[in-house]
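**Q** dropping the sequence and predicted coords here.
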Amino acid sequence: MIWLTWRQFRTQTLLAAALLAAAAVYLLITGTQLRHSYSADLLSCQTQSSQYTCAGLLNGLQTQYNGPLDLLELLVMATPALVGIFWGAPLIAAELERGTHYMVWNQSVTRGRWLAVKLAAIALASIVTAGVISLLMTWWASPLDTMSGNRFGTQAFNARNVVPLGYAVFAFVLGVTLGLVIRRTLPAMAATLAVFIAVQFLVTIVVRPNVMPSTTITMPINQTTMSQAARFDRSQAVTGPVTIDLPTPAGSWGLSESPALNSAGQPIPTSEVLTCWNQMISRGPLVIKGGNKPFGPLGACLAPLNLHVDVSYLPADRYWPLQWIETALYVALAALLAAFCFRRIRRSS
């Protein structure tokens, strides 16, 4: 059975190996260049007296690599889906469609053993494929991840470390399951893509933010906190809310942020901040330095109002537990689907 599985799957294996080799060459070459540029910029920062010059250098490096970063992340995120479509869906559907299952399932090898060998061998190949591309991507992007400090972003989280392995084994078994149920290859491939995307969307939006307890802190609005604010939005209507993006602790995942609240915990209307806002605008246009807007003076003006913002976030140390929990979730779903396949194949004709 192992030899037969290799004979049937060797073309896909060799193609995947060739694509991985090409990706590895590209990532190793460009990753080395990225690391060299990052080290040079850090060395230049140490000799610069201005923090804005240093921030400008690092921002420039991020801008230079943002395009390749987005494309590579999409490639890693697409790998499990491609595994499900081209390796999983045709595994049984193609046999059923061609009618070759009558011969295969009436040999000395039982249906259960046939399916077990197929699932084990190709699931292992799926894990290895996703693991290699994820490892290369994690290594390549590590300087950019260090600069951004945002490991919880959807693309960054889904394309790094161990979760792509869970995605790959789930997508593969999902494809096998849908192929067994639908019994036609192309519809099974389309259904695999649709269901895989739907599951990833639900897990990312619904499960991931709620699977671990979050931390909520109250941040006062004053000169210190406002000097770190990324955004200050006041409503066009004087009765509308005021929104302020205050930073969460380094490396954390910001989940939610309240509008500006007064000491009683009630949202304040825009009319209450207009005086301070107009005073800041009267001093001249806002000039961005080092990527930060000078909201400090606005915060000093607003401080006597005793305003605050409630911020909910996941601390940075929740990253790895969240990676392992999500990986385990996808592996568990794959195991349930595999159990369904073993039960279903015994009843198939």
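**A** Structure received. Numbering: from 1, shown residues only.

**Q** in the stretch 151-300 of the chain, which spans are helices?
**A** 154-158, 163-182, 185-202, 223-226, 274-282, 296-302 (DSSP state H, counting those that start in this stretch).

**Q** helices or strands next to the shortest one in the packing?
**A** Read that as helix 223-226. If you count contacts as 3 or more C-beta pairs under 8 Å, 6 or more residues apart in numbering; DSSP states H and E, helix 223-226 packs onto helix 296-302. In short, each C-beta sits where N, CA and C put it, glycine included.

**Q** show me the contact partners of the helix it packs on.
**A** 221-227, 229, 232, 273, 275-277, 279-280, 283 (C-beta atoms under 8 Å, 6 or more residues apart in numbering).

**Q** out of the helices of the stretch 151-300 of the chain, nearest to Arg344?
**A** Proximity to Arg344 (C-beta to C-beta) singles out helix 163-182 among those, at 5.6 Å.

**Q** which one (most neighbours) among the contacts of helix 296-302?
**A** Tallying neighbours with other C-beta atoms under 10 Å puts Ile221 at the head of those, with 27 neighbours.

**Q** of the helices of the stretch 151-300 of the chain, flag the one that's most buried.
**A** helix 163-182 (a mean of 27; mean count of other C-beta atoms under 10 Å).

**Q** tell me what that one is packed against?
**A** Packing contacts for helix 163-182, counted by 3+ C-beta pairs under 8 Å, 6+ apart, involve helix 51-83, helix 89-98, helix 111-148, helix 154-158, helix 185-202, helix 319-347.

**Q** quick revisit: quick check, nearest of the contacts of helix 296-302 to Leu144?
**A** Using C-beta to C-beta, Ala229 is the member of the contacts of helix 296-302 that sits closest to Leu144, with 23.7 Å.

**Q** how about the closest one: what's its closest non-neighbour residue?
**A** Phe295 (4.7 Å; C-beta to C-beta, 6 or more residues apart in numbering).

**Q** pull the contacting residues for that neighbour.
**A** Counted by C-beta under 8 Å, 6+ apart, Phe295 has contacts Met226, Ser227, Ala229, Phe232.

**Q** now for those: which two are most distant?
**A** Greatest spacing in those, by C-beta to C-beta: Ser227 and Phe232 (11.6 Å).

**Q** what comes up buried for stretch 302-309?
**A** Of all the residues in stretch 302-309, those buried under the rule 16 or more other C-beta atoms under 10 Å are Leu302, Ala303, Leu307, His308, Val309.

**Q** want to throw those residues into a markdown table with pLDDT and distance to Val76?
**A** Output for the buried residues of stretch 302-309, formatted as a markdown table (pLDDT from 0 to 100; distance: C-beta to C-beta, whole Å):
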| residue | pLDDT | distance to Val76 |
| --- | --- | --- |
| Leu302 | 89 | 43 |
| Ala303 | 90 | 45 |
| Leu307 | 91 | 42 |
| His308 | 92 | 40 |
| Val309 | 93 | 35 |
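
**Q** which of the residues you listed lies closest to Ala250?
**A** Among those, Val309 lies closest to Ala250 (C-beta to C-beta), at 17.8 Å.

**Q** that closest one and Leu333: what is the separation?
**A** Val309 sits 38 Å away from Leu333, going by C-beta to C-beta, to the nearest Å.

**Q** and Pro297, by the same measure?
**A** For Pro297, the distance to Leu333 - C-beta to C-beta - is 52 Å.

**Q** how close does the nearest residue to Leu74 once chain neighbours are set aside sit to Ile281?
**A** Excluding the flanking residues, the one nearest Leu74 by C-beta to C-beta, 6+ apart is Gln155, at 7.5 Å. Look at Gln155 and Ile281: by C-beta to C-beta, they are 36 Å apart.
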